[in-house]
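K.L.:
make a model of this:
(one chain, ligands or ions: 1)
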Amino acid sequence: MRYTRAIVRPPPPTYAAGITSTREGAPDLPLALVQHQAYCLALEQCGLAVSVLSADAEFPDSCFVEDTAVLTARGAIATRPGAPSRVGEVSSIVAALHPYFSEIASVNAPGTVDGGDVCEADGHFLIGLSHRTNEEGARQLAGLLGDIGFPSSVIDIRGSRRLLHLKTGISYLDDGRILLTSDVPRTAALAPYELIEVPEAERYAANCLCLNDKLVIADGYPVTRAALESCGYEILTLEMSEYRKMDGSLTCLSLRF
Ligand code: CIR
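P.N.:
Residues are numbered from 1 along each chain as shown. Below is the predicted model:
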């Protein structure tokens with residue numbers, strides 16, 4: 001799919017109060033903002049026009065806009081995030097999407113879905129069943145995707161403690177390749193793809209952005225970078241330290257369409 005636009009939202013002054021499982025210390029907000037600007041620039045280098053929403057201090061995790069919607073070439077679906085503190089992030093994202101999507105479907109209670117659990121691989125959607133995306137949410141999402149002609153498969157990652165979301169451990173790279181960590185269960189849903197496994201010490205690098213003809217990866221993961229370069233990808237790297245501290249990775253910071 002060719003991407004033309006992205007929606008992003010910078011981290012707010014309350015960012016350090018967001019949810020995290022890491023013990024890497026509090027994020028440095030000024031540095032996070034610098035990293036966010038570099039992120040926007042990288043999206044532009046990939047050919048996307050970037051809309052920057054204003055920071056929202058009411059929601060500390062609101063820079064991770066990916067979790068609030070699932071965007072496809074045939075329509076948008078508003079999610080219902082699995083963390084109660086994040087449910088209120090959705091309405092302002094729906095408002096920002098309305099100029100581009102005439103109808104926006106929704107995941108409803110008791111279903112929960114985080115967009116970080118949804119990985120599109122050439123028109124087939126892999127849906128992670130996680131501690132954020134529950135069975136009812138995955139069922140609703142599969143139905144809504146089916147309504148607009150997209151098949152999907154569910155991958156249960158609830159036993160993979162190191163994965164917050166499916167896309168914490170997996171990225172689709174176009175041309176049939178998937179980059180992933182050893183944490184992701186090797187289910188039949190992955191059989192059609194060529195799998196490239198990142199080394200254990202570089203697990204964070206499994207989340208990357210394949211945008212048009214470029215690959216954006218996190219800085220500091222040389223083995224993964226070399227493997228991807230040898231596949232012929234043009235690579236941009238970004239320092240992600242202040243997002244990693246809050247369990248965030250590259251895809252979480254934008255909605256792309
Ligand atoms: C959270 O726990 O919800 C945020 N601190 C991190 C969300 C990361 N989002 C993503 O991977 N899609």
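
K.L.:
per-residue confidence at the residue lying farthest from the centre of the chain?
P.N.:
Relative to the mean C-alpha coordinate of the chain, counting by Cα atoms, centre = their mean, the farthest residue is Ser230 (24.6 Å). Looking at Ser230, its pLDDT is 96.

K.L.:
what are the phi and psi values for it?
P.N.:
Phi and psi for Ser230, reported as degrees, to the nearest 10, are phi -70, psi -20.

K.L.:
and it, how far from Leu190?
P.N.:
Applying Cβ to Cβ, to the nearest Å, the value for Ser230 to Leu190 is 21 Å. No exception for glycine: its C-beta is placed from N, CA and C like everyone else's.

K.L.:
how about Ala17?
P.N.:
Taken as Cβ to Cβ, the span from Ala17 to Leu190 is 36 Å.

K.L.:
more neighbours, the two?
P.N.:
Between Ala17 and Leu190, counted using other Cβ atoms under 10 Å, the more crowded position is Leu190 (18 against 15).

K.L.:
can you report how many residues neighbour whichever residue of the stretch 101-250 of the chain sits closest to the ligand?
P.N.:
Residue nearest to the ligand within the stretch 101-250 of the chain: Gly116 (2.4 Å; Cβ to the nearest ligand atom). For Gly116, the neighbour count with other Cβ under 10 Å is 28.

K.L.:
now do the SS call for it.
P.N.:
Secondary structure, DSSP: H, G, I helix; E, B strand; the rest coil: Gly116 is helix.

K.L.:
quick one, what contacts the closest residue in space to it that isn't next to it in sequence?
P.N.:
Spatial nearest neighbour of Gly116, excluding adjacent residues (Cβ to Cβ, 6 or more residues apart in numbering): His165 at 3.3 Å. Applying Cβ atoms under 8 Å, 6 or more residues apart in numbering, we find His165 in contact with 67, 114, 116-117, 128, 130, 132-133, 157.
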